[in-house]
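>>> sharing a sequence plus its predicted fold:
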There are 2 protein chains.
Amino acid sequence: MAVIGLVGLGLIGGSLGLDFRSSGHRVLGVSQKQSTCEQALLKGVVDKASQDLALLKDCEVVFICTPIPLVLPTLKKLQAVLHPHTVITDVASVKGPIVEMATAQWPQFVGGHPMAGTAHQGIEAALVSLFHQRPYILTPIASTHAKALDTITHLVSDLGSRLVVCSPEVHDQMVAQVSHLPVMVSAALLLSVVDPANVQQFAGSGFQDTTRVGGGNPDLGLAMAQNNRTALLESLKQFRAALDHLEEQIHEQDWNSLHAQLEASRHIRTGFFP
Amino acid sequence: MAVIGLVGLGLIGGSLGLDFRSSGHRVLGVSQKQSTCEQALLKGVVDKASQDLALLKDCEVVFICTPIPLVLPTLKKLQAVLHPHTVITDVASVKGPIVEMATAQWPQFVGGHPMAGTAHQGIEAALVSLFHQRPYILTPIASTHAKALDTITHLVSDLGSRLVVCSPEVHDQMVAQVSHLPVMVSAALLLSVVDPANVQQFAGSGFQDTTRVGGGNPDLGLAMAQNNRTALLESLKQFRAALDHLEEQIHEQDWNSLHAQLEASRHIRTGFFP
């Protein structure tokens, strides 16, 4: 059992805390807000909480669960506090702009990305088993220490996640397709509604599901676009081509081709989620 | 308590049967397949099942839960079997092409559309409380009998659904935005994936939710497009404009505007799903 530090006690940090504690680890949490620290204790997310990073000085592993733009600044602050053998990881949904620099600054760094979320954010939204059977991606580079990678791998298996290991570059390309593109498409679905106040009474579970990620935290959506812009623009191009195709078939009443495309999309989804 | 007939025992018919029976109604079901009839009895979806529409002759209300193209042909067959005072309703996700003609054929007809679904189909997928707190839209026209509308309204309240009443035309426009458009967009997300076999290990709950309706029954997606083509093409145009806007902001790195748009989409979603 390890002593684990969490910096940032939102949806992701809070949910990690709940699961690590129920696996028997000791969890220490840091948040900028006193009220979040209090709530984290109350919810059983952490064993101890503080606004001061010094709380984490004896941790064996620290998860940086801040918004993307704060990952590298937080790492810098942690350097002054932690033992050099402490393993640090992050949970940011982009890896290219973070992993090289973070590893250069802290040799025991391992880039990570647990792929799960809900429509909500903040410590109130923290959930038990959020990462269960979801992908947890680790993105080692040539200079990543094997032992540090091993430490995080074990913790990922405590969460019941599906471990995926790849380079930061492959991560960013893949995640553009399955996460960042869906956020923009889902936001566009919401923004394209004419007269939302009237339309909302007609919305069922289909619209609820397709718009969940588009109705999420705007700061996160922005950070995805800023930090993974090239891959996201490429994915948008692919998406546009696929949609153009469907639209043309509807326009031309080419029903056989449309049916074949919908058959293909069902087949693809069954591959993703059997 | 009423004697209710169901023609078509798939996801929708099956789920209606489960809920109507637990509300104390007697439910009789008709399916073209003997094996579906047997499964419906086994699952407790119906009190009696048959491949013969004559089973329904003494029903007070009949729900036509067939695929869209079979609604009017089924109504025609039912005319030979039912008492003229029997109320008939359907569950098709388009109403314009059905309600006028059905009401002309059967004065006790009321157009309906329960807005709920899952990624699965068929009697195996039938669920208790599928329609609970979901919209159930009824689309009376000038010639609809008030008493028939009243009968269906009461049954909708037994399901715990949120009743919405509007014209078939308004229904089709609204549903194009919140249901038919999302199906095409969601299918395009799946079809735009490059190398799905490799990408699938990266897909988390966000991709799972946004692609649920796009991975659904191709026959249903086709029927939506065929029967609500004009409204769907209009919605696709609106969607394209919203997505163009977001893409331009990402391309131009106009981060303030992108953040404002994502803020707006979050606000719209909170209105839809508080």
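Thanks, I have the structure now.

>>> burial count for A:Arg240?
16 (other Cβ atoms under 10 Å in any protein chain shown). To be clear about C-beta, it is placed using only N, CA and C from the backbone, and glycine gets the same treatment.

>>> sorry, wrong one. I was asking about A:Asp195.
That count, for A:Asp195 with other Cβ under 10 Å as the rule, works out to 9.

>>> now A:Ser23
16.

>>> that one and A:Ser157 touch, don't they?
No. Distance between A:Ser23 and A:Ser157: 9.7 Å, which falls outside the contact criterion (Cβ atoms under 8 Å).

>>> how's chain A carved up into domains?
A:3-166, A:171-272 (automatic domain parsing).

>>> start to end distance for the shortest one?
The reference is to domain A:171-272. Start and end residues of domain A:171-272 are separated by 17 Å (Cα to Cα, to the nearest Å).

>>> related to what we said a few turns ago, could I get the domains of chain A as CSV with distance to chain B and mean pLDDT?
As requested, the domains of chain A are exported to CSV (distance: least, Cβ to the nearest Cβ, whole Å; pLDDT from 0 to 100):
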stretch, distance to chain B, mean pLDDT
domain A:3-166, 3, 96
domain A:171-272, 3, 96
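
>>> turn those domains into TSV, columns for distance to B:Trp106.
As requested, the domains of chain A are exported to TSV (distance: least, Cβ to Cβ, whole Å):
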stretch	distance to B:Trp106
domain A:3-166	42
domain A:171-272	25
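
>>> can you check which helix is longest in chain A?
The longest helix of chain A (DSSP state H) is helix A:229-251.

>>> quick check, A:Ile4 in a helix?
No. According to DSSP: H, G, I helix; E, B strand; the rest coil, A:Ile4 belongs to no helix; its state is strand.

>>> show me what contacts it?
Residues near A:Ile4 by Cβ atoms under 8 Å, 6 or more residues apart in numbering or on different chains: A:Phe20, A:His25, A:Arg26, A:Val27, A:Leu28, A:Cys59, A:Glu60, A:Val61, A:Val62, A:Phe63, A:Leu155.

>>> if you set the cut-off to 10 Å instead, what comes out?
Neighbouring residues of A:Ile4 by Cβ atoms under 10 Å, 6 or more residues apart in numbering or on different chains: A:16-17, A:20-21, A:23, A:25-29, A:46-47, A:56, A:59-63, A:87, A:155, A:158.

>>> got it, and A:Ile152?
A:61, A:63, A:87-89, A:109-112, A:136, A:138, A:140, A:144, A:163.

>>> and which of those is nearest A:Glu124?
A:Phe63 (19.3 Å; Cβ to Cβ).

>>> picking that back up, following the longest helix of chain A in sequence, what is the next regular element?
Per DSSP states H and E, helix A:229-251 leads on to helix A:255-272 as the next helix or strand towards the C-terminus.

>>> by contact count, what packs against that following helix?
helix A:229-251, helix B:181-191, helix B:196-199, helix B:205-210, helix B:218-227 (3 or more Cβ pairs under 10 Å, 6 or more residues apart in numbering or on different chains; DSSP states H and E).

>>> deepest-packed of the ones you listed, please.
For the helices and strands packed on helix A:255-272, ranked by mean neighbour count under the definition mean count of other Cβ atoms under 10 Å in any protein chain shown, the leader is helix B:181-191 at a mean of 26.

>>> export the helices and strands packed on helix A:255-272 as a markdown table, with columns for distance to B:Val94.
Output for these, formatted as a markdown table (distance: least, Cβ to Cβ, whole Å):
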| stretch | distance to B:Val94 |
| --- | --- |
| helix A:229-251 | 14 |
| helix B:181-191 | 12 |
| helix B:196-199 | 31 |
| helix B:205-210 | 23 |
| helix B:218-227 | 4 |
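
>>> closest one to B:Ser35 among these?
Of all the helices and strands packed on helix A:255-272, helix B:218-227 comes closest under Cβ to Cβ, at 19.2 Å.

>>> on that earlier part again, closest to B:Gln238 among the contacts of A:Ile152?
A:Tyr136 (37.3 Å).

>>> can you list contacts of the helix or strand harbouring the closest one?
Assessed by DSSP H and E, A:Tyr136 sits inside strand A:135-138. Strand A:135-138 is contacted by residues A:89, A:91, A:93, A:95, A:110-116, A:144, A:149, A:152-153, A:155-157, A:159-166, A:168, A:170-171, A:174-175, A:178, B:200-205, B:207 when judged by Cβ under 10 Å, 6+ apart.

>>> what about it, distance to the chain center?
Computed by Cα atoms, centre = their mean, to the nearest Å, the chain-centroid distance of strand A:135-138 equals 9 Å.

>>> just the C-alphas of it, formatted as PDB.
Included here for strand A:135-138 are C-alpha records, laid out as PDB according to Å, rounded to 0.1, in the frame of the first residue of the first chain:
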ATOM      1  CA  PRO A 135      -9.100   3.000 -20.800                       C
ATOM      2  CA  TYR A 136      -6.200   4.400 -18.700                       C
ATOM      3  CA  ILE A 137      -3.500   5.500 -21.100                       C
ATOM      4  CA  LEU A 138       0.100   5.800 -20.000                       C
END
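
>>> rewinding a little: buried ones from the contacts of strand A:135-138, can you make that a ChimeraX selection?
Buried residues among these (16 or more other Cβ atoms under 10 Å in any protein chain shown), as a ChimeraX selection:
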select /A:89,91,93,95,110,111,112,113,114,115,116,144,149,152,153,155,156,159,161,162,164,166,168,170,171,174,175,178 /B:200,201,202,203,204,205,207
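
>>> out of the contacts of strand A:135-138, which are inside helices?
Reading helices off the contacts of strand A:135-138 with DSSP H, I get A:149, A:152-153, A:155-157, A:168, A:170-171, A:174-175, B:205, B:207.

>>> what helix or strand is A:Gly17 on?
helix A:11-22.

>>> could you dump the ones in helices among the contacts of strand A:135-138 to JSON lines with distance to A:Cys37?
As requested, these are arranged in JSON lines below (distance: Cβ to Cβ, whole Å):
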{"residue": "A:Leu149", "distance to A:Cys37": "30"}
{"residue": "A:Ile152", "distance to A:Cys37": "25"}
{"residue": "A:Thr153", "distance to A:Cys37": "29"}
{"residue": "A:Leu155", "distance to A:Cys37": "22"}
{"residue": "A:Val156", "distance to A:Cys37": "26"}
{"residue": "A:Ser157", "distance to A:Cys37": "29"}
{"residue": "A:Pro168", "distance to A:Cys37": "32"}
{"residue": "A:Val170", "distance to A:Cys37": "37"}
{"residue": "A:His171", "distance to A:Cys37": "31"}
{"residue": "A:Met174", "distance to A:Cys37": "35"}
{"residue": "A:Val175", "distance to A:Cys37": "31"}
{"residue": "B:Ser205", "distance to A:Cys37": "28"}
{"residue": "B:Phe207", "distance to A:Cys37": "33"}
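
>>> so who does the closest residue to A:Ser15 other than its chain neighbours touch?
Nearest non-adjacent residue to A:Ser15, counting by Cβ to Cβ, 6 or more residues apart in numbering or on different chains: A:Leu130, 4.0 Å away. Contact partners of A:Leu130, counting by Cβ under 10 Å, 6+ apart, are A:11-12, A:14-16, A:18-19, A:114, A:116-118, A:159, A:161, B:205.
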